[in-house]
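Visitor: based on what follows, work out the 3D shape:
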Amino acid sequence: MSNTKNTTRWLDAFKVYTHPRVIGMLFLGFAAGLPLLLVLGTLSFWLSEAGITRATIGHLSWVGLAYGFKFLWSPLVDRLNLPILTARLGRRRAWLLVSQICIAAALLGMANTDPALNLTHMVWFALAVAFASATQDIALDAYRIEAVEVEKQGAMAATYQTGYRLAMITAGAGVLWIAASLDPSETTYDFRPWQVAYTVMAGLMLIGILTTLIIREPSIQVSTTINEHEAQARERFAAAGLSGGALNATAWFYGAVLSPFIDFIQRFKWQAALILAMIAVYRISDIVMGVMSNPFYQEMGFTKDEVATVSKVYGVIMTVVGAVLGGVLTMRMGVMRTLMLGAVLSAATNLLFVWLAGRGHDVGALVFTISADNLSAGIASSAFVAYLSSLTNQAYSATQYALFTSVMLLLPKFIAGFSGEFVDAYGWASFFTGTALAGVPVLALVWLVARTADNPKI
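Guide: Here you go, the predicted model:
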């Protein structure tokens, strides 16, 4: 009898994936995940093939720091209305649409720039993609948090991660497959295959644009906290002698920019520092390792077609399984236990790349390594997104979530910029071992955060 009840509970947990807003997150997640590898991992493969040095490729990964500093302009996305579009679409959808169009345009710019001839122009277009993509993330994270109640956030995170990972496979394996199919020779560099591949990726941003036009704005009413804080700030600043435009601007800045951070500190007090420390290092193993993965594959002798095929078939399957499993585990086990499991798996699977480096060109070993890595990433990402969502106050959803994801990226992205130089100095095996060891402090921080958590739901 108990087995039947447990089976029913698990089936009920899976039914959440039929919710319309949960389904919609699949396509929005695809739009969010598509640009990332196109300015990081896949671009590094292109640059490596074009003859750019490993050290330069590592430094160019700092383009991704645009995602780490998005908290600086997140208050504008959270509070600023766009002319015409906000009235027609709502604030979240308006910002989504503008950012998605900008991503597509900048990707076309990358598609028509040969890095072997003009690396500077490529960097500027990549920065434009990263900036627009980070802006899309701000608006999308706010939409996701506001669209459904807390109980469905795990499922929203899972479908978001599934779409996100499918897009990353498309932007990784898909680009490599297109480039390989058009490349007359694997031994010499040809710009044309990459141009076609990136043009196709720009066209795929239509998936996000069409989804944004179809979905509705969140129906959840935002708290009146913002207005209260602005009113209180206005009274204090008026008493201090400010008036007119200076008073309005100062009160707005306090309510839109400072209040989200003050609210977070007031809610979590001393635990805020511990939470931010955990967030800052949780994805360090994956992010630092990811910058050098494609140059590693190329140096091991894997062709674009082989990497694309393995990622497309086994990578997609294991990513989807990991993301969905992560969403279900957060509902059944709780977010913190799933976070711990994801942290262990993320660090452990990096050691598989040490094993792969010793085997060299072994497609079977590549299949196993990518499959295990993507499964662990899917589980960890779903739990992590659900955890970050649980920390936000819906009155400041865009700004606070942007703060959390910025903290998540800044340290790993900065360290990743030196990854090429580390490989040059110490080799691949030491590099992958180092990224695995970097995940050990994460386990202690997750345990400490779980011990001090006040919210029983997580």
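
Visitor: look up the closest residue to S293, ignoring the ones flanking it.
Guide: G41 (6.3 Å; C-beta to C-beta, 6 or more residues apart in numbering). C-betas here are computed from N, CA, C, even on glycine.

Visitor: and the one you found, how many neighbours?
Guide: 22 (other C-beta atoms under 10 Å).

Visitor: and what of the one 4 residues further on?
Guide: A total of 23 residues lie near F45 under the criterion other C-beta under 10 Å.

Visitor: again, but for A251
Guide: A251: 21 surrounding residues under other C-beta under 10 Å.

Visitor: and what of L351?
Guide: L351 has 16 nearby residues by other C-beta under 10 Å.

Visitor: same question for V196.
Guide: Residues near V196, counting by other C-beta under 10 Å, number 16.

Visitor: which residues are in contact with it?
Guide: A111, I178, A179, L182 (C-beta atoms under 8 Å, 6 or more residues apart in numbering).

Visitor: which one (most neighbours) among those residues?
Guide: A179 (24 neighbours).

Visitor: now it: which helix or strand?
Guide: Taking DSSP states H and E as the criterion, A179 maps to helix 175-182.

Visitor: same deal with M408?
Guide: Following DSSP H and E, one finds M408 within helix 397-416.

Visitor: check which helices and strands the helix or strand following that helix is in contact with.
Guide: Sequence-wise, the next helix or strand downstream of helix 397-416 (DSSP H and E) is helix 419-426. Packing contacts for helix 419-426, counted by 3 or more C-beta pairs under 8 Å, 6 or more residues apart in numbering; DSSP states H and E, involve helix 54-60, helix 284-299, helix 428-437.

Visitor: just the angle between helix 419-426 and helix 284-299, please?
Guide: 70 degrees (axes from the mean of the first three to the mean of the last three C-alpha atoms, to 10 degrees).

Visitor: quick one: buried residues of helix 419-426?
Guide: Across helix 419-426, burial judged by 16 or more other C-beta atoms under 10 Å covers S419, G420, F422, V423.

Visitor: from those, pick the one nearest L85.
Guide: S419 (39.6 Å; C-beta to C-beta).

Visitor: so the closest one is in contact with V288, correct?
Guide: Yes. S419 lies in contact with V288 (C-beta atoms under 8 Å); the separation is 6.1 Å.

Visitor: which SSE is immediately downstream of the helix or strand bottoming out on mean pLDDT in the chain?
Guide: None of the helices or strands of the chain scores lower by mean pLDDT, DSSP states H and E than helix 2-15, at a mean of 56. Next helix or strand after helix 2-15 toward the C-terminus (DSSP H and E): helix 20-38.

Visitor: show me what that next one is packed against.
Guide: On a contact count with 3+ C-beta pairs under 8 Å, 6+ apart, helix 20-38 meets helix 91-111, helix 119-147, helix 153-169, helix 191-204, helix 206-214.

Visitor: quick one: list the elements packing against the second one.
Guide: Spelled out, it's helix 119-147. By 3+ C-beta pairs under 8 Å, 6+ apart, helix 119-147 packs against helix 20-38, helix 65-68, helix 74-79, helix 91-111, helix 153-169, helix 397-416.

Visitor: now the ones you listed as CSV including distance to S376 and mean pLDDT?
Guide: As requested, the helices and strands packed on helix 119-147 are exported to CSV (distance: least, C-beta to C-beta, whole Å; pLDDT from 0 to 100):
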stretch, distance to S376, mean pLDDT
helix 20-38, 17, 86
helix 65-68, 21, 80
helix 74-79, 29, 80
helix 91-111, 28, 94
helix 153-169, 12, 78
helix 397-416, 16, 80
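
Visitor: does A116 count as helix, strand or coil?
Guide: coil (DSSP: H, G, I helix; E, B strand; the rest coil).

Visitor: isn't T369 right next to V354, touching?
Guide: No. In this structure, T369 is not within contact of V354 by C-beta under 8 Å, at 9.9 Å.

Visitor: tell me which of those two has more neighbours.
Guide: T369 (24 against 17).

Visitor: against T162, how distant is the more buried one?
Guide: T369 sits 21 Å away from T162, taking C-beta to C-beta, to the nearest Å as the criterion.

Visitor: could I get the helices and strands packed on helix 20-38 as JSON lines with distance to L325?
Guide: JSON lines is the format used below for these (distance: least, C-beta to C-beta, whole Å):
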{"stretch": "helix 91-111", "distance to L325": "28"}
{"stretch": "helix 119-147", "distance to L325": "20"}
{"stretch": "helix 153-169", "distance to L325": "8"}
{"stretch": "helix 191-204", "distance to L325": "26"}
{"stretch": "helix 206-214", "distance to L325": "24"}
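
Visitor: which one of those helices lies closest to R332?
Guide: The nearest among these, by C-beta to C-beta, is helix 153-169 at 9.5 Å.

Visitor: what packs against that closest one?
Guide: Using 3+ C-beta pairs under 8 Å, 6+ apart: helix 153-169 touches helix 20-38, helix 119-147, helix 316-332, helix 363-391.
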